[in-house]
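Engineer: Let's see this in three dimensions:
(one chain, ligands or ions: 1)
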Amino acid sequence: MRNQGLIFAIGDCAAIPDGPDNTVPATASYAMRQGSHIAETLLAEIGGRAPQSYEPLHLGELVSLGPNYAIGNPLGVPLFGYPALAMKKGVEQYYRATIEG
Ligand SMILES: Cc1cc2nc3c(=O)[nH]c(=O)nc-3n(C[C@H](O)[C@H](O)[C@H](O)COP(=O)(O)OP(=O)(O)OC[C@H]3O[C@@H](n4cnc5c(N)ncnc54)[C@H](O)[C@@H]3O)c2cc1C
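Structural biologist: Sure, this is the predicted structure:
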């Protein structure tokens, strides 16, 4: 929706531009950071401050390929097999702890 200053869309339901030709990936890590950003935006709105623009933070991807293997490029570093799997599980635990406390 255009010209609707107080309607926000984030996460998988939003096509958030990332440069001229791309949109931000539909993954949980982006959705969570967008959630934090929208919370700060709403607080700024309530407090009468100017909102900050959203800048996607690219931390890389980690993908499970079955129970014993994963691949990824966390922080741009190529990773395969058990090291990637261990990191993927660690990231999952981190986000779970962030959500569930
Ligand atoms: C099989 C699968 C595996 C994935 N694996 C990964 C992964 O390993 N890593 C990763 O980063 N991302 C992964 N993703 C993507 C990740 O799940 C999504 O990017 C993330 O959940 C998006 O968060 P969101 O809050 O935008 O949407 P959602 O998590 O989908 O939350 C939307 C919520 O809105 C609710 N809802 C919908 N309609 C209504 C309504 N009308 N009224 C009220 N509530 C409503 C839904 O029930 C849901 O709870 C995976 C996705 C799938 C499907």
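
Engineer: ranges for the strands of this structure?
Structural biologist: Listed in chain order, the strands of the chain (DSSP state E) span 62-64, 70-72, 79-80.

Engineer: of the ones you listed, which approaches the ligand most closely?
Structural biologist: For the ligand, the closest of those is strand 62-64, at 6.7 Å, according to CB to the nearest ligand atom. From N, CA and C alone the C-beta is placed, and that goes for glycine too.

Engineer: what bits of this structure have low per-residue confidence?
Structural biologist: The chain contains residues with pLDDT under 70 at 1.

Engineer: could you redo the last one with a cut-off of 90?
Structural biologist: 1-7, 28-29, 95-96, 98-101 (pLDDT under 90).

Engineer: centroid residue for this structure?
Structural biologist: residue 30 (1.0 Å; CA atoms, centre = their mean).

Engineer: ok, now how distant is the closest residue to that residue other than its chain neighbours from the ligand?
Structural biologist: Nearest residue to residue 30, sequence neighbours excluded (CB to CB, 6 or more residues apart in numbering): residue 24, at 5.2 Å. Using CB to the nearest ligand atom, to the nearest Å, we find residue 24 at a distance of 10 Å from the ligand.

Engineer: and residue 24, what does it touch?
Structural biologist: Residue 24 is in contact with 16-18, 30, 34, 56, counting by CB atoms under 8 Å, 6 or more residues apart in numbering.

Engineer: mind listing which of these are in helices?
Structural biologist: Among the contacts of residue 24, the ones falling in helices (DSSP state H) are 30, 34.

Engineer: So which of the contacts of residue 24 is the closest to residue 101?
Structural biologist: Relative to residue 101, the closest of the contacts of residue 24 is residue 34; by CB to CB it sits at 20.3 Å.

Engineer: neighbours of that closest one, just the number please.
Structural biologist: 20 (other CB atoms under 10 Å).

Engineer: Show me what residue of this protein gets nearest to the ligand.
Structural biologist: For the chain, the residue closest to the ligand is residue 11, as judged by CB to the nearest ligand atom, at 2.0 Å.
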